[in-house]
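J.: Here is a sequence with its predicted model. Questions after.
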Amino acid sequence: MIDVHMPAGRLAGLRWAISPVGELAAALVGVAEAPNASRRHRHIRALLSSGRLPTLAAVTRGYTTYLPELLTPAPRAFLPTVEDQLHAVATTPAGTVGTQFTAFLTGGQARSSRCPWLRDGELAPADEQVRSRIEVGESDLRERLASELHWLWSKAMAPHWPQITAGFEGFVERHGAVAAREGLGNALAALHSSLRWQEGALKIASGFDGEVGGEHPVTLIPSLFLDRVGLHAPLRPGEAQLAIPIAASSDTVAQIAPVLGATRLAILHSLAEPRTTTALAALHHLAPATVSFHLSRLLAADLVQRQRDGRHVYYRLTARARAILRPAHAPAPTPPSDPPSP
């Protein structure tokens, strides 16, 4: 479990932003963690194998649990331009580039100082083939990264970015409405099933144990390519970001297909407000045992989550379910299509 402490200063500065280059970085992480997970990941993997992106391909191959922070530049506005963010990558101070890629390539203390919750197994150095692609002068490396990110953007993201940002903006607006109705703590916990609000901290279910302290604000970043909550530069004031996935992976989609029959879809629609099993049974004229069975399948597909309140257990929609049930007038993010066949 990773605890992100939320003192008053951090809560006061909490905001949403959309990050074009951050979404490219999320695509690289998604490919590294699950290279064949979905159509959009396969598209990115094909571009990385094209020979046009040798440095990014090496970064993806060498990625384990730490991505250099210059690849997730902090969005200074709600919707920065990709040109501004690529400029930030290309002009990263040389010393900063060296420090971050030392942590990426050599692991050990250099990496644990940036992510102190990592275990020994996540601190191993990159293999030699990865190092040979990346170990160049800092100025050359940052400019090479910016150039390759620009090419990846033009091929994978730019044609779909208006639709993607429209979906992101709709997601942010709906989250704001939830925060207004239920309070910010509950709204943060409702963003994803791995999140929980407890005693002034946002708890992220994880295989690692650690804490993110301090008063510096955290920016929330929606992501189409991540299938888990991600922490970007969490210890760095002005840079800390929490990436929130808003789309299902192909594994989840495979689970959703048999789940969304008429009965389960009706149950989902009736969870616009949290309800108990008993209340759902009465509403849909079903036996409580039948509703429990359907809820177990919805839980497995990350479409509902449970919350205990005294003696009662309430079920509520996850962010993933809200995206699926999005009204027709709210455009969904459009994933990049597969590259055309040669």
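T.: Done, it's in. Note that the coordinates shown come from a computational prediction; the quantities given were computed from them, not determined experimentally. Numbers count the residues shown, from 1 in each chain.
J.: Need phi/psi at Val212.
T.: Backbone torsions for Val212, taken as degrees, to the nearest 10, come to phi -120, psi 100.
J.: Quick one: mean pLDDT for the lengthiest helix in the chain?
T.: In the chain, with assignment by DSSP state H, the single longest helix is helix 161-182. For helix 161-182, the mean pLDDT works out to 82.
J.: can you check stretch 99-119 too?
T.: The average of the pLDDT scores along stretch 99-119 is 85.
J.: Extract the CA atoms of that stretch and return them as PDB.
T.: The C-alpha atoms that make up stretch 99-119 are tabulated as PDB, following Å, rounded to 0.1, in the frame of the first residue of the first chain:
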ATOM      1  CA  THR A  99      20.700  12.200 -12.600                       C
ATOM      2  CA  GLN A 100      17.500  10.700 -13.800                       C
ATOM      3  CA  PHE A 101      19.100   8.400 -16.300                       C
ATOM      4  CA  THR A 102      21.700   7.300 -13.800                       C
ATOM      5  CA  ALA A 103      18.700   6.200 -11.600                       C
ATOM      6  CA  PHE A 104      17.100   4.500 -14.600                       C
ATOM      7  CA  LEU A 105      20.200   2.700 -15.900                       C
ATOM      8  CA  THR A 106      22.100   1.900 -12.700                       C
ATOM      9  CA  GLY A 107      19.300   1.300 -10.200                       C
ATOM     10  CA  GLY A 108      20.500   0.900  -6.600                       C
ATOM     11  CA  GLN A 109      20.600   3.900  -4.300                       C
ATOM     12  CA  ALA A 110      20.100   6.400  -7.200                       C
ATOM     13  CA  ARG A 111      16.700   4.800  -8.000                       C
ATOM     14  CA  SER A 112      15.600   4.100  -4.400                       C
ATOM     15  CA  SER A 113      16.200   7.800  -3.500                       C
ATOM     16  CA  ARG A 114      13.500   8.700  -6.100                       C
ATOM     17  CA  CYS A 115      11.100   5.800  -5.200                       C
ATOM     18  CA  PRO A 116      12.000   4.800  -1.700                       C
ATOM     19  CA  TRP A 117       9.200   2.100  -1.600                       C
ATOM     20  CA  LEU A 118      11.000  -0.100  -4.200                       C
ATOM     21  CA  ARG A 119      12.300  -3.400  -3.100                       C
END
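J.: to the chain's geometric centre, what's the distance from it?
T.: Offset of stretch 99-119 from its chain centre (Cα atoms, centre = their mean, to the nearest Å): 21 Å.
J.: just stretch 296-316 next, same as before
T.: Per Cα atoms, centre = their mean, the centroid offset for stretch 296-316 relative to its chain is 22 Å.
J.: same question, stretch 274-290
T.: 33 Å.
J.: what's the first-to-last distance across it?
T.: From the first residue to the last, stretch 274-290 extends over 18 Å; the measure is Cα to Cα, to the nearest Å.
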